[in-house]
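> Provided below for reference: sequence and predicted model.
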Amino acid sequence: MADFQHISAKPTLGLGCWAIGGPFYMDGRAVGWGTVDDNVSCAAIAVALNHGIKHFDTAQAYGCGHSETVLGKALKNHPDVAIATKIGLAIDTETKELTGPINDPELIRQTIDASRKRLGRDRIDLVLHHNNELPIAEARPAFDMLATLYDQGIIGAYGWSTDFPESARAFTDHPGFTTIEHAMNVLKPARQIVPVIEGTNLLSLIRSPLAMGVLGGKYDAKTQFSKDEIRGSNPGWQDYFSDGRITDAYLAQLDATRDILTSGGRSLAQGALAWLWARTPNAMPIPGFRTPEQVNDLCGALDHGPLTQAQMDEIETILNRPQKDLPKAS
């Protein structure tokens, strides 16, 4: 099981379950990844288990509960495998709509009970607040509630899915607060938040490690994503895509670094994960998946390990990022 109290000495990998949640919407726009086949999702999870994956990351929001339900079914006979879920966004399980933020402590307790039922777990290993931009003062009652649930043994650890350094620092005095989930990848090195996470010895759960598929190796300038999924719906809070296509700027960065990322026989996705493991020893990437084939490719990254410091330095030079703040390979 993933240990949310300590940092692993070797590269670790989890899997993110946003894409297996199926369609769901916010303000009338698609924020899921399109239709899914639950049987295929369960088969992909089985492949991950065969590779030794011990951590799966989901959220109440993903498919408005559907991702949790599928994951609970797939892991029914695997109580040793850790599950992280996220709270803080109200869901309508019938209409598949996100209906707004939740930060009231009692409502949060109720939604955690709902997650436990969907996941088939009396205890959830890790609970993360999903509201990235919530002001710290407004967040405090919710984290006090999470601390209470931690003391009661209902959750094993908790943290925040946030990209703000000050938010990452805010509740490190709370027992059981162990984890920050944040965006980071070759294209977005997250230079402000990583030193905070390392300085407080928190676990860094990396969402968007493949830049929503840009670093996955399947798509190019001709790819047109449907408005029925997040990459084509332009919800306003991601910039990898414009009008359903990968932007020219990100394609140029990808092309410039492709040879390094695919060195040593790595696939492009494996190289993107290797960059993250070299970036910080606290990192556990949680790339999304839909099929067994994707899972096999992602798990194969563990056989290669992190990039070297020389490769990390070369990428920084190619992308013309400031030399004074180079990522350091472990």
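Cool, got the structure. Here the structure is a predicted model, which means the values were calculated and not measured.
> can you give me the neighbour number for residue 77?
Residue 77 has 8 neighbours, counted by other CB atoms under 10 Å. Just so you know, the C-beta spots here come from the backbone N, C-alpha and C atoms, and that holds for glycine as well.
> would you say it is within a helix?
No: Residue 77: not assigned to a helix; according to DSSP: H, G, I helix; E, B strand; the rest coil it is coil.
> okay, the most centrally placed residue in the chain and residue 140: tell me how far apart.
With the centre of the chain defined as its mean C-alpha position, the nearest residue by CA atoms, centre = their mean is residue 207, 2.8 Å away. Noted for residue 207: a distance of 24 Å to residue 140, by CB to CB, to the nearest Å.
> now do the helices in this structure.
Counting by DSSP state H, the chain has helices at residues 38-50, 66-74, 105-119, 136-151, 165-170, 193-199, 230-233, 248-261, 268-279, 292-299, 301-304, 309-318.
> now tabulate these in TSV and tack on mean pLDDT and distance to residue 211.
Shown next, in TSV, are these (pLDDT from 0 to 100; distance: least, CB to CB, whole Å):
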stretch	mean pLDDT	distance to residue 211
helix 38-50	98	20
helix 66-74	98	21
helix 105-119	97	28
helix 136-151	97	27
helix 165-170	97	21
helix 193-199	96	17
helix 230-233	96	11
helix 248-261	97	7
helix 268-279	98	8
helix 292-299	98	14
helix 301-304	97	15
helix 309-318	96	14
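> surely residue 168 meets residue 161?
No: with contacts counted by CB atoms under 8 Å, residue 168 stays clear of residue 161, the gap being 10.5 Å.
> which neighbours do the two have in common?
Residues touching both residue 168 and residue 161 (CB atoms under 8 Å, 6 or more residues apart in numbering): 180, 182.
> ok so, going back, can you say which of the helices of the chain is packed in most?
Each of the helices of the chain was assessed for mean neighbour count using mean count of other CB atoms under 10 Å. The highest is helix 268-279, with a mean of 25.
> which strands and helices sit next to that helix?
For helix 268-279, the packing partners by 3 or more CB pairs under 8 Å, 6 or more residues apart in numbering; DSSP states H and E come out as helix 248-261, strand 283-285, helix 292-299, helix 301-304, helix 309-318.
> what do you get if the cut-off is 6 Å, keeping everything else the same?
In terms of contacts (3 or more CB pairs under 6 Å, 6 or more residues apart in numbering; DSSP states H and E), helix 268-279 is packed against strand 283-285, helix 301-304.
> quick one: contacts of the shortest one?
This means strand 283-285. Strand 283-285 is contacted by residues 12, 14, 204-206, 209, 273, 276 when judged by CB atoms under 6 Å, 6 or more residues apart in numbering.
> format the residues you listed as TSV; extra columns: distance to residue 122.
Shown next, in TSV, are the contacts of strand 283-285 (distance: CB to CB, whole Å):
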residue	distance to residue 122
12	25
14	21
204	28
205	23
206	28
209	30
273	32
276	33
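> highest neighbour count among these?
residue 273 (33 neighbours).
> OK, contacts around that residue?
Shown here is residue 273, whose contacts under the criterion CB under 6 Å, 6+ apart are 285, 301.
> just the pLDDT for the residue nearest to residue 172 when sequence neighbours are not counted.
Closest residue to residue 172 apart from its sequence neighbours, by CB to CB, 6 or more residues apart in numbering: residue 200 at 4.9 Å. On pLDDT, residue 200 comes in at 94.
> check the gap between the nearest residue to residue 311 once chain neighbours are set aside and residue 314 for me.
Computed as CB to CB, 6+ apart, the closest residue to residue 311 that is not its neighbour in sequence is residue 260, at 5.3 Å. Look at residue 260 and residue 314: by CB to CB, they are 6 Å apart.
> would you quantify the distance from residue 212 to residue 261?
Applying CB to CB, the value for residue 212 to residue 261 is 16 Å.
> meant to ask about residue 122, not that
Residue 122 sits 42 Å away from residue 261, going by CB to CB.
> what do you get for residue 312?
With CB to CB as the criterion, residue 312 and residue 261 are 11 Å apart.
> cool, and residue 164?
28 Å.
> can you count the residues close to residue 246?
For residue 246, the neighbour count with other CB under 10 Å is 22.
> partner residues bridging it?
Residue 246 has these beta-bridge partners by DSSP bridges: residue 241.
> off-centre distance for stretch 287-307?
Chain-centre distance of stretch 287-307: 14 Å, with CA atoms, centre = their mean, to the nearest Å.
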